[in-house]
Each structure stands twice: as structure tokens, then as C-alpha cells.
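A structural model of the following input is requested.
(chains A and B)
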Amino acid sequence: DGGITQSPKYLFRKEGQNVTLSCEQNLNHDAMYWYRQDPGQGLRLIYYSQIVNDFQKGDIAEGYSVSREKKESFPLTVTSAQKNPTAFYLCASSPSSRLEETQYFGPGTRLLVL
Amino acid sequence: AQTVTQSQPEMSVQEAETVTLSCTYDTSENNYYLFWYKQPPSRQMILVIRQEAYKQQNATENRFSVNFQKAAKSFSLKISDSQLGDTAMYFCAFMKGAYSGAGSYQLTFGKGTKLSVIP
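Have a look, this model is predicted:
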């Protein structure tokens, strides 16, 4: 089955701790994205990558970092600098970085601060 | 910067009836794309329908159709023959077209409309 997987489904972070959220896709999509969703809000873009070894900041990149070493993988690290990390995190991918392709979403990871 | 506004935080509809969800957007771009996504209680974001701004014909997908009014910057979603499985949050989203400079390929979302289908 082709699709986007995110793990874990739930993640708990202690104060001062960095945590990494996984996003993997087997759709052979070029572009990948990370969004944050807070209660009662739409999604906000954290980072995106149009091609391997390249990524760009979105609207709310502070306190987050990413890497794109493989086409299939786009992990997101929530660093201790992110003071309010509790949210629902969604990863998405789209077929091409050059066209206005539709973004398809993974099932999400819920991050909670202990 | 683009903004997307969904003025109806919550709506309800009887099963088998028709409901229309509103969305307005603000942009100075001429080349862009509009989307409706559905987020059921599972929280998985599912694409419902997509509209290219350069197309005058309104997009349709089975029971879902849009009323795209480019001059008014309006993009409403009509759900016909509502089903219980349509109960979800619905998000309207905007994407600048390619070669539009910074921000191309990025989705800007509205805050969503919570739709409840009543048996």
C-alpha cells in the first residue's frame, strides 16, 4: 500500500528535551511538508522540502529543525527552544516540486509536554 | 500575504439534505489553487476537491461541488445528499501557483468549519 506514515501516534516530551517526529512516504513524491495544528485553528506550515538535501522555512519554523537526506523521509525535530510544542503535527507530500500538485497528508502525531 | 476566512465555525445538516460551507480568501495573485480538505474525528486530512483559478468551470467530485467566484474571491463547498460519514471539520485552503515567487507550493488554511450530519 502506498501512503504516508507518521510515528509515533502520541509523543511525550519533557522540559528541555528534543524530540523527533518521523514521516515516511512510499509514493515517490518529491516534495514534503510539516504542519502544526492547534485546537480551533487551521494548519500552519513549519518547514517544507521540494527536493532531497534542500528545505525551506515556513511560517512558524522557530524552535524546529528538519533534514531531508532521503526522498522518502522528512523527520521533524522539536527542540527545547520551542516553548509551546503541544500540538498535532501533520506531515504531507506532493508529487512534484515544480507543479501545483495536491498535498496528501499522513495520519499525524500528537505531541504532549509532561 | 494570503488569508483564508471561513465564517461558519459550526454547521449542522439533516442526513440526505444539502449544505453549503463558505470560504473567502484574499490575494493579489492571479494564478492560484483552492482546496477543500476534510478532517474526520480520526484527524486524518483528506482531500475533498480542488479548483484551479484559471478554470471557469466549477469542480465537482461525486456529491461534492464548489461555487468558485473569482471576482468575489469566494469558494464555497456544497455537499449534496449528506451522509453520516460527512461529519468532520472542513478546511478551505489556498495555494499560490508556481513561479509566483516566495510562498509558492505553500498551503494557507482557514480555521475550519465543524459539520455535523444529524440522523
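
wait, what's in contact with B:R50?
B:R50 sits next to A:102, B:33-36, B:59 when contact means CB atoms under 8 Å, 6 or more residues apart in numbering or on different chains. (Each C-beta comes from the backbone N, C-alpha and C, glycine too.)

mind checking the SS state of the residue nearest to B:E10 when sequence neighbours are not counted?
Excluding its sequence neighbours, the residue lying closest to B:E10 (CB to CB, 6 or more residues apart in numbering or on different chains) is B:K114, at 4.6 Å. Following DSSP: H, G, I helix; E, B strand; the rest coil, B:K114 is assigned to strand.

which of the contacts of B:R50 lies closest to B:T3?
Nearest to B:T3 among the contacts of B:R50, counting by CB to CB, is B:L34 at 13.1 Å.

what about B:D26, neighbour count?
Residues near B:D26, counting by other CB atoms under 10 Å in any protein chain shown, number 12.

so how many other residues sit close to residue 38?
By default, I'm working from chain A. By the criterion of other CB under 10 Å, A:D38 has 12 neighbours.

sorry, should have said chain B
B:K38: 21 neighbours (other CB under 10 Å).

Show me what the helix or strand containing it is packed up against.
Element membership of B:K38, judged by DSSP states H and E, is strand B:32-39. Packing contacts for strand B:32-39, counted by 3 or more CB pairs under 8 Å, 6 or more residues apart in numbering or on different chains; DSSP states H and E, involve strand B:46-52, strand B:64-69, strand B:74-79, strand B:88-96.

So which bits of the third one are buried?
Under the neighbour-count criterion of 16 or more other CB atoms under 10 Å in any protein chain shown, strand B:74-79 has B:75-79 buried.

so how far is B:A88 from the closest residue to B:Y32 other than its chain neighbours?
Nearest non-adjacent residue to B:Y32, counting by CB to CB, 6+ apart: B:A53, 4.8 Å away. Between B:A53 and B:A88 the computed distance is 25 Å (CB to CB, to the nearest Å).

and if you look at A:H29?
Taking CB to CB, one finds A:H29 at 24 Å from B:A88.

Output the below-cut-off pLDDT ranges for chain A.
A:1-2, A:97-100 (pLDDT under 70).

can you map out the strands along it?
A:4-7, A:10-13, A:19-25, A:31-37, A:43-51, A:54-57, A:64-66, A:76-78, A:87-94, A:104-105, A:109-113 (DSSP state E).
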